[in-house]
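In: the amino acid sequence is not available; the structure is as follows:
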């Protein structure tokens, strides 16, 4: 019925509608075309050329992409990116959830302490990075001093290839745990009190209540937090660049840093564009994995409910 | 006619020696038509640092002399290189005059044809002061400034020689002598290292990329050459392996975390009195001798880098000043470049320790030398180094890739990797890049 009446109205009215509304769409369309679609297409075009600043460009088809699997630095950078992202999603998620559960309890000065806890989030990454560089200093830094107090040997932190990524993740975790906490706190506040009351009557322990009531109910929030963290961690540049510049050697060089070097230090724009596109695909894949997991979780929830 | 001109030049040269240190604009400088381009406006892109400061501070003198207005901008080194390359490749740079780092950009700029040929200007007495002749520049400077066709594409401005800084106090306390060769240097560094008291025998750049400037001084002293006659890279040969072993061994006596040290961290270790020896460019003497920034003022000795088995060299880097091919004010810009490398500006640069002019007439002038505020020992090390100077990086386009890739391998040896294996791996990666860049021309 409804559809029929709309169809009846086509003709003059719809044409008029289109004509009068198009001008309002154009500004947005121009912006989207200009700053998203065009650069995107142009990047694809650049990635198909041997494009070096200072020499003429030559169309080379997929040659830039074929270089990627044979480029050990790129392969290494990919693994670094995945390791770095995985750790800096997992750790803030665990610690943030823990912090949220703690700050959800009622105790004196809770509001003040909550405020204190989210302070790292407000600082500029580069400033943080410079401060942490000093903290990590093996000779003068406070971390090794703290270790010496408990009798542990001094570490090299960001100055050793084996410990550089965990050390950098530590900075990420320190800065972004509060964000996860805020999201999860919101989730906790939305959980009704009744399930806990009945669980307590049944004699459930604190851990059981957390595992079987709290955790399932805040899972959607955890997924949102994980998604935000993942996007942030994959594109992380400032902290790594300011602390290690990808070093020592190339031990903390992520795709982002390598991409920067290729495009803006080696001026190999074509190859840089190819890396950017592959990087983009990687982000899409990671996001898709998270979405898929989320979907599956919904099903299992539905299954459990039924 | 030509006879008369030569004699006039000689006369002017003689008077220039006396008059040049005085005020600019005296008759000694009168021969070029300084004021012909009065009213022209020039844009200058400078690398942030003492050379840029020295130009900006005194630019009013140039404007008074020529009537040319100069707008200049100092940008930190890394960003300046990017900005220059991007703007030059666009074909319409926003600047007329550009400050360039020879050891990184020489080949790239030549290949792309971004710089104007100054050879013609140099021969024109209306444009060039008689005391500015090619032969006055040191050999390293000329080899940097000229392309393979012999065209002069820029004027060599300031050179950076690698020297050995040492802490006299630590040396005296342990009663050891200044090392003359690599074996002695390792023995000395071992003797002076005492981790318990936080003193280390040596410090130097360990950070990937930056470390190649230090490494190459070892490489040169082991008899290494960067390229063969066909342009193939040679830095994974036996000399390179030896040099890397030396580097690795010496760095065992460096403070922990040295793999992440650039010149800044190295200098901090040295100025805090925690390192007995440091090899780096001559340009760091002013902060080392600055009581506000250093605890070792007056205790620092300066000398040549110790000799290797195949020679004693000083790895040399440098910067120059050139004119964009796209500039419409090339003559006026040339007057500015000429002024920037003039004897007077060069003397100021040397005397403040902000750089070392490529011009022998500045370096060898006793009057100029007397005005140097830094220790005379430093000046002596500069003069000694100038005699054993050798280019410290291969003259190729992908210098940045070379420094990154081989530098990463060299850094890896600091945490125990094998020098030969790392160099081989790095060159397997670097060779195709070099071939691609050579093929592109």
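Out: Received it, and whenever you're ready, just let me know what you need. On a predicted model such as this, the values are computed, not experimentally measured, just so you know.
In: name the residues that touch the helix or strand where residue B:277 lies?
Out: In this structure, residue B:277 sits in strand B:275-281 according to DSSP states H and E. With contact meaning C-beta atoms under 8 Å, 6 or more residues apart in numbering or on different chains, strand B:275-281 is reached by B:160-167, B:170-171, B:179, B:185, B:188-189, B:192, B:199-205, B:213-214, B:217, B:254-255, B:263, B:266-267, B:269-270, B:305, B:317. In short, each C-beta sits where N, CA and C put it, glycine included.
In: mind checking which of those are in strands?
Out: With DSSP state E as the criterion, strands contain B:160-167, B:200-203, B:317 from among the contacts of strand B:275-281.
In: keep the contacts of strand B:275-281, but drop any that are not near chain A.
Out: Filtering the contacts of strand B:275-281 for proximity to chain A by C-beta under 8 Å from any C-beta of the partner chain leaves residue B:255.
In: can you tell me which of the contacts of strand B:275-281 are buried?
Out: By neighbour count, with 16 or more other C-beta atoms under 10 Å in any protein chain shown, those hold B:160-167, B:170-171, B:179, B:185, B:188-189, B:192, B:199-205, B:213-214, B:217, B:254-255, B:263, B:266-267, B:269-270, B:305, B:317 as buried.
In: ok, back up a step: in TSV, list the ones in strands among the contacts of strand B:275-281 along with pLDDT and distance to residue B:413.
Out: Formatted as TSV, those follow (pLDDT from 0 to 100; distance: C-beta to C-beta, whole Å):
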residue	pLDDT	distance to residue B:413
B:160	93	25
B:161	94	25
B:162	95	20
B:163	96	24
B:164	97	22
B:165	97	23
B:166	97	24
B:167	96	26
B:200	95	18
B:201	96	18
B:202	97	15
B:203	97	17
B:317	94	23
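In: partner strands of the strand holding residue B:277, with direction?
Out: strand B:154-167 (antiparallel), strand B:200-203 (parallel) (DSSP bridges).
In: for the record, mean pLDDT for it?
Out: For strand B:275-281, the mean per-residue pLDDT is 96.
In: so which residues on chain A come close to chain B?
Out: Residues of chain A lying near chain B (C-beta under 8 Å from any C-beta): A:50, A:52-55, A:71-73, A:137-139, A:154, A:156-162, A:244-250, A:261, A:264-267.
In: which of the residues you listed fall within helices?
Out: A:72-73 (DSSP state H).
In: just the buried members of the residues of chain A next to chain B?
Out: A:50, A:52-55, A:71, A:73, A:137-139, A:154, A:156-161, A:244-250, A:261, A:264-267.
In: show me where the stretch 1-150 of chain A dips below the pLDDT cut-off.
Out: A:1-19 (pLDDT under 70).
In: strands of that one, start to end?
Out: Remark: strands assigned in the stretch 1-150 of chain A by DSSP state E, counting those that start in this stretch are A:49-50, A:58-59.
In: what's the burial count for the residue lying closest to residue B:308 once chain neighbours are set aside?
Out: With C-beta to C-beta, 6 or more residues apart in numbering or on different chains as the criterion, residue B:308 has its nearest non-adjacent residue at 2.7 Å, and that residue is residue B:221. By other C-beta atoms under 10 Å in any protein chain shown, 27 other residues sit near residue B:221.
In: so what's residue B:221 up against?
Out: Per C-beta under 8 Å, 6+ apart, neighbours of residue B:221: B:182, B:243, B:305-313.
In: of all those, which comes closest to residue B:50?
Out: Residue B:50 has its nearest neighbour among the contacts of residue B:221 in residue B:305, at 22.3 Å by C-beta to C-beta.
In: and the pLDDT for the closest one?
Out: Value for residue B:305, per-residue pLDDT: 96.
In: how far away is it from chain A?
Out: To chain A, residue B:305 is 24 Å away according to C-beta to the nearest C-beta, to the nearest Å.
In: does that residue touch residue B:166 like I think?
Out: No: with contacts counted by C-beta atoms under 8 Å, residue B:305 stays clear of residue B:166, the gap being 11.2 Å.
In: what touches both of the two?
Out: By C-beta under 8 Å, 6+ apart, no residue touches both residue B:305 and residue B:166.
In: quick one, domains of the chain?
Out: Went with chain A since none was named. Domain segmentation of chain A under automatic domain parsing yields A:2-47, A:65-305.
In: other chain: chain B
Out: If you go by automatic domain parsing, chain B breaks into B:2-159+B:318-385, B:161-315+B:391-439.
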